[in-house]
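K.L.:
quick one: sequence and predicted model below, then my questions.
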Amino acid sequence: MSSRRAKRKRYLELQDVLVSKVQSLNLSSSDLDNDVITANEDFGLMYKSMEDRQSELYSRMLGIAEKSGELHSILKYGKQADGDSSSTEETFAMPEEYKGNVGRFIEDSRASVNGHAKLLKAQITEMYAAFEAFVEEWTKKLKDLKEAANEVGAEHEKLSALLTDFILNL
């Protein structure tokens with residue numbers, strides 16, 4: 001009988017603290033679960049945004065390649081290619097500073113286009129390197145998160161067993 005009273009006394013002494021701590025753990029765990037769900041949604045949105053951006057850049061590159069092909073055709077054959085899309089494009093006049101000097105305009109334009117190509121190549125190389133570093137870093141961080149989640153899960157299992165034991169020994 002004394003053992004039963006001692007257990008009951010222990011239960012009453014721990015009851016308020018235990019309830020408070022268990023409730024705090026439940027609320028914190030629930031908040032974390034919601035934040036992880038939100039983070040997963042955010043990752044999905046970031047991926048979609050970057051995928052859309054990559055697609056837009058790629059489409060623009062194809063458009064520039066098409067314009068370059070039209071110029072090749074004009075220079076090589078002296079005419080525009082069949083199915084020329086330039087009829088829907090904006091027509092540009094010779095800039096004022098080049099009036100009367102088409103050769104200088106063409107030379108400056110050639111140098112400008114070559115500079116654009118070099119810059120594009122350098123920026124795409126930089127983007128690729130940054131992406132690789134990003135993936136490597138996030139892979140490490142996600143591995144750490146997974147390990148931490150496994151540790152939390154193991155602790156919850158141990159706590160669950162202790163709480164069950166506590167209830168059974170009231």
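P.N.:
In hand now; what should we look at?
K.L.:
by residue count, what's the longest helix in the chain?
P.N.:
helix 2-77 (DSSP state H).
K.L.:
now that one: average pLDDT?
P.N.:
Taken as a whole, helix 2-77 has a mean pLDDT of 92.
K.L.:
and that helix, what does it pack onto?
P.N.:
In terms of contacts (3 or more CB pairs under 8 Å, 6 or more residues apart in numbering; DSSP states H and E), helix 2-77 is packed against helix 102-168. C-betas here are computed from N, CA, C, even on glycine.
K.L.:
next, the angle helix 2-77 makes with the helix it packs on.
P.N.:
170 degrees (axes from the mean of the first three to the mean of the last three CA atoms, to 10 degrees).
K.L.:
off-centre distance for helix 102-168?
P.N.:
7 Å (CA atoms, centre = their mean, to the nearest Å).
K.L.:
repeat that for stretch 56-65.
P.N.:
22 Å.
K.L.:
keeping just the C-alphas, turn it into CSV.
P.N.:
This file holds the C-alpha atoms of stretch 56-65, laid out as CSV (Å, rounded to 0.1, in the frame of the first residue of the first chain):
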residue,chain,number,x,y,z
GLU,A,56,13.1,32.3,-70.6
LEU,A,57,16.9,32.8,-71.0
TYR,A,58,17.1,29.7,-73.3
SER,A,59,14.2,31.0,-75.5
ARG,A,60,15.9,34.4,-75.8
MET,A,61,19.2,32.7,-76.7
LEU,A,62,17.3,30.8,-79.5
GLY,A,63,15.9,34.1,-80.7
ILE,A,64,19.3,35.6,-80.9
ALA,A,65,20.6,32.5,-82.7
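K.L.:
may I see the buried residues of it?
P.N.:
Across stretch 56-65, burial judged by 16 or more other CB atoms under 10 Å covers no residue at all.
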